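K.L.:
mind folding the following:
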Amino acid sequence: FVTAPFISRLHPRIRDLALNPFINLLSGIVEFASNRCIAKGEIVTDELHRKWFTECKTINEMVDQYMSPVQTCFNSTKRVTDFSFVKRKATSQIKNVVLFFMESTRQEVMPFNYSSRFADHNLAEEARMSKNITKFMEKFIKKTRYYPKTKAISSYTTKSILTGVCSMYPYPGSYSKEYFHKYYKVCLPQLLRKFGNFSTAFMQPMVAQFDHMHEVLSKMGFETIFSAESISKGEFGPPPQEWANGLGYEDNVLRKPMMDWVDNQTKAGKPFFLTYSSSVTHADFKIPKPWHWQQLANTGLYSWINMCLNTHHYMDMFYANFFSDFEARNLTQNTLFVFIGDHGISLSEHGMWITTGIPYETQFSVPLFVYTANKEWNRDFPPGLFNESWTTLDIVPTIIDTLRYEGTKKTLSDNYNYEGRSILREFKPITQLSIPNPGLSHVVIRDKNKKIIFPGITWEREEFYDLEKDPYEENEIVFQNAPKEHEIWLASMLSIRGIYILTAKEWYESGGPDAKHK
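P.N.:
Residues are numbered from 1 along each chain as shown. Here you go, the predicted model:
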């Protein structure tokens, strides 16, 4: 898979660990720039991979240990196993949590960035002058902790929701293979129900039967699931005559049922964890008939870019009503709101559209913002703009930290045994993995400013970019012309790809390193 001289120049540890998972989990030959390959007999066995990482409880710990020779996996005695602190008391600052996945919402569109390259290339002059696309969110975002450089772990919605609700990597297979495997982490709905007596619900106006999504959500531990199927059955009254897109209804259809559910939990005195996934911003970008299409893009009225911008304008109105509903119930003081794009979308960049098989950063760069009107929480975690690159894996630890918060940052410590890290703590750059839609062996790895795209079913060859010098990935670095140190880096990235695929498959089959304690 790589040249013999390449291997001979590697550090012995890299040579011993690097490539075996990569080789054992692929069939056929993937040719690299040299068009030469090494014999499998020169590659280390899977047993050595397990030997190196026996104390690791997460894939990210393995990656950290591999990338830093002095790093060791976190001492298991320091891990939190008792989460009874999530049980809400009268003195608890935050009693409820709302997690909102913004469908196909890339970094520049929510709130809309009028100075972005996307705006320069695609915005109509009148829209540029009026600045009316996301008028509510542009004002509201100033009240939040806003992280515009967040990365989605997957550009496939179900897998992205899994990473955000369970803080674990998706199964390395195409589509929602997770539904018939064991989850290797305890998902947040399960944890909150077990330790905190929370009511849990997942709601989306799109179908939940598509690709086993309902089964995946049920395994996460959601008690209540509202979806397009619920709407179509008339559970909330006569359903609308038309869908908003090929997968479901417009978001306003669930506004009242959602708040009715919230009201029921409040009346019962139960804390709640509500997760919502939006609809209208999903391709093929439709908005309900009472709404009128506006000319927001410099393309045709019914071009995909213009239709996409119109759906985000619709969602901006939805967000305004959404927060108004919670404010009217005096729930913003004791509720944490986490909003994140489930993934991005390509809108003609690289000549590509939507998500399937596309490995570029337009797929993974998403907005993240965290909000509560709680004065104590905002005193210690004030609103602001944070240019740190967190990921969807970091949502669960952040929510757990918030529920542990008792008016002092001193309560925030220890390791929660998840893949992510709390964004309320100090940011430390790590090597990041992302899995393009629909998954399998197609893996993207970012290490500092360097990025490697590994081939998969929907991508034929590797690509290498320097994201600092080339943030739009327009100037691929050719391996034959790359400095020698890039070859060592490439071997490390091959190892990390292998660590992810081998470990994730093993843990999804066994239930993970802590299966016996679940």
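
K.L.:
C-alpha from now on. contacts and neighbour counts both.
P.N.:
OK.

K.L.:
so where's the longest helix in the chain?
P.N.:
As assigned by DSSP state H, the longest helix anywhere in the chain is helix 484-510.

K.L.:
who does it touch, helix- and strand-wise?
P.N.:
helix 12-17, helix 20-24, helix 59-67 (3 or more CA pairs under 8 Å, 6 or more residues apart in numbering; DSSP states H and E).

K.L.:
neighbouring contacts of the longest one?
P.N.:
Applying CA atoms under 8 Å, 6 or more residues apart in numbering, the contact partners of helix 59-67 are 53, 56, 71-74, 419, 430-431, 492, 496, 499-500, 503-504.

K.L.:
who wins for most neighbours among those?
P.N.:
Ile496 (28 neighbours; other CA atoms under 10 Å).

K.L.:
tell me how far the closest residue to it other than its chain neighbours lies from Thr150.
P.N.:
Once flanking residues are discounted, Ile496 sits nearest to Val63: 6.2 Å by CA to CA, 6 or more residues apart in numbering. Applying CA to CA, to the nearest Å, the value for Val63 to Thr150 is 19 Å.

K.L.:
now swap in Met168 and tell me
P.N.:
The spacing between Met168 and Thr150, counted by CA to CA, is 17 Å.

K.L.:
now Leu247
P.N.:
The separation that Leu247 has from Thr150, given CA to CA, amounts to 26 Å.

K.L.:
look at Met168 and Thr150 and report which has more neighbours.
P.N.:
Comparing Met168 with Thr150 by other CA under 10 Å, the one with more neighbours is Met168, at 28 against 24.

K.L.:
contacts only, for the more buried one.
P.N.:
Contacts of Met168 (CA under 8 Å, 6+ apart): 162, 184-185, 393, 418-420.

K.L.:
between those residues, which sits nearest Glu474?
P.N.:
Of all those, Leu393 has the smallest distance to Glu474: 28.0 Å, by CA to CA.

K.L.:
quick one, strands of the stretch 251-400 of the chain?
P.N.:
Along the stretch 251-400 of the chain, the segments classed as strands by DSSP state E, counting those that start in this stretch run 272-277, 335-341, 346-347, 353-354, 365-371, 384-385.

K.L.:
JSON lines for the ones you listed, including distance to Leu99, mean pLDDT and mean neighbour count?
P.N.:
As requested, those are exported to JSON lines (distance: least, CA to CA, whole Å; pLDDT from 0 to 100; neighbours: other CA atoms under 10 Å):
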{"stretch": "strand 272-277", "distance to Leu99": "5", "mean pLDDT": "98", "mean neighbour count": "23"}
{"stretch": "strand 335-341", "distance to Leu99": "5", "mean pLDDT": "98", "mean neighbour count": "24"}
{"stretch": "strand 346-347", "distance to Leu99": "24", "mean pLDDT": "90", "mean neighbour count": "20"}
{"stretch": "strand 353-354", "distance to Leu99": "24", "mean pLDDT": "85", "mean neighbour count": "18"}
{"stretch": "strand 365-371", "distance to Leu99": "9", "mean pLDDT": "97", "mean neighbour count": "25"}
{"stretch": "strand 384-385", "distance to Leu99": "19", "mean pLDDT": "97", "mean neighbour count": "14"}
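
K.L.:
tell me, how many neighbours does the nearest residue to Leu254 once chain neighbours are set aside end up with?
P.N.:
Leaving aside its sequence neighbours, Leu254 sits nearest to Pro205 (CA to CA, 6+ apart; 6.5 Å). Applying other CA under 10 Å, we find 28 residues neighbouring Pro205.

K.L.:
can you tell me the element Tyr169 falls in?
P.N.:
Assessed by DSSP states H and E, Tyr169 sits outside every helix and strand.

K.L.:
what is the burial count for it?
P.N.:
31.

K.L.:
go on, Phe210?
P.N.:
11.

K.L.:
need phi/psi at it.
P.N.:
phi -60, psi 120 (degrees, to the nearest 10).

K.L.:
retrieve the pLDDT associated with it.
P.N.:
The confidence metric pLDDT takes the value 86 at Phe210.

K.L.:
do the same with Asp414
P.N.:
pLDDT for Asp414: 66.

K.L.:
for stretch 369-378, which positions count as buried?
P.N.:
Judged by neighbour count using 16 or more other CA atoms under 10 Å, the buried positions of stretch 369-378 are 369-374, 376-377.

K.L.:
what about the closest residue to Thr157 other than its chain neighbours, neighbour count?
P.N.:
Sequence neighbours aside, Asp342 is the residue nearest to Thr157 in space, at 6.1 Å (criterion: CA to CA, 6+ apart). Counted with other CA under 10 Å, the neighbours of Asp342 add up to 34.

K.L.:
I'd assumed Ile94 was in contact with Thr402.
P.N.:
Yes. Between Thr402 and Ile94 there is a contact under CA atoms under 8 Å: 7.2 Å.

K.L.:
please identify which of these two sits among more neighbours.
P.N.:
Ile94 (27 against 23).

K.L.:
wait, what's in contact with the more buried one?
P.N.:
Going by CA under 8 Å, 6+ apart, Ile94 touches 333-336, 374, 402-403.

K.L.:
out of the residues you listed, who's nearest Ser278?
P.N.:
Leu336 (18.2 Å).

K.L.:
any idea what that closest one is bridged to?
P.N.:
Val97 (DSSP bridges).

K.L.:
and it, how far from Asp394?
P.N.:
Where Asp394 is concerned, Leu336 sits at a distance of 15 Å (CA to CA).

K.L.:
find the nearest non-adjacent residue to Ile231, please.
P.N.:
Pro239 (5.8 Å).

K.L.:
then Ser422?
P.N.:
Counting by CA to CA, 6+ apart, the residue nearest Ser422 is Thr398, at 4.1 Å.

K.L.:
quick check: that neighbour touching Tyr418?
P.N.:
No. With contacts counted by CA under 8 Å, Thr398 stays clear of Tyr418, the gap being 10.9 Å.

K.L.:
more neighbours: these two, which one.
P.N.:
When neighbours are counted by other CA under 10 Å, Tyr418 comes out ahead of the other of Thr398 and Tyr418, with 25 against 20.

K.L.:
list the residues that contact that one.
P.N.:
Tyr418 neighbours (CA under 8 Å, 6+ apart): 58, 167-168, 185, 396-397.

K.L.:
quick one, what contacts Ser176?
P.N.:
So Ser176 contacts 158-159, 211-213, 216 (CA under 8 Å, 6+ apart).

K.L.:
what mean pLDDT does the helix or strand harbouring Pro148 have?
P.N.:
In this structure, Pro148 sits in strand 145-151 according to DSSP H and E. Averaging pLDDT along strand 145-151 gives 97.

K.L.:
may I have whichever helix or strand comes after that strand as PDB, with CA atoms only?
P.N.:
Going down the chain from strand 145-151, the next helix or strand is helix 157-166, by DSSP H and E. Presented in PDB, the C-alpha positions along helix 157-166 are these (Å, rounded to 0.1, in the frame of the first residue of the first chain):
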ATOM      1  CA  THR A 157     -27.800  12.900   9.400                       C
ATOM      2  CA  THR A 158     -28.500   9.800  11.500                       C
ATOM      3  CA  LYS A 159     -24.800   9.200  12.100                       C
ATOM      4  CA  SER A 160     -24.300  12.900  13.000                       C
ATOM      5  CA  ILE A 161     -27.200  12.800  15.500                       C
ATOM      6  CA  LEU A 162     -25.700   9.600  17.000                       C
ATOM      7  CA  THR A 163     -22.300  11.400  17.600                       C
ATOM      8  CA  GLY A 164     -24.100  14.400  19.100                       C
ATOM      9  CA  VAL A 165     -26.400  12.400  21.400                       C
ATOM     10  CA  CYS A 166     -24.000   9.600  22.400                       C
END
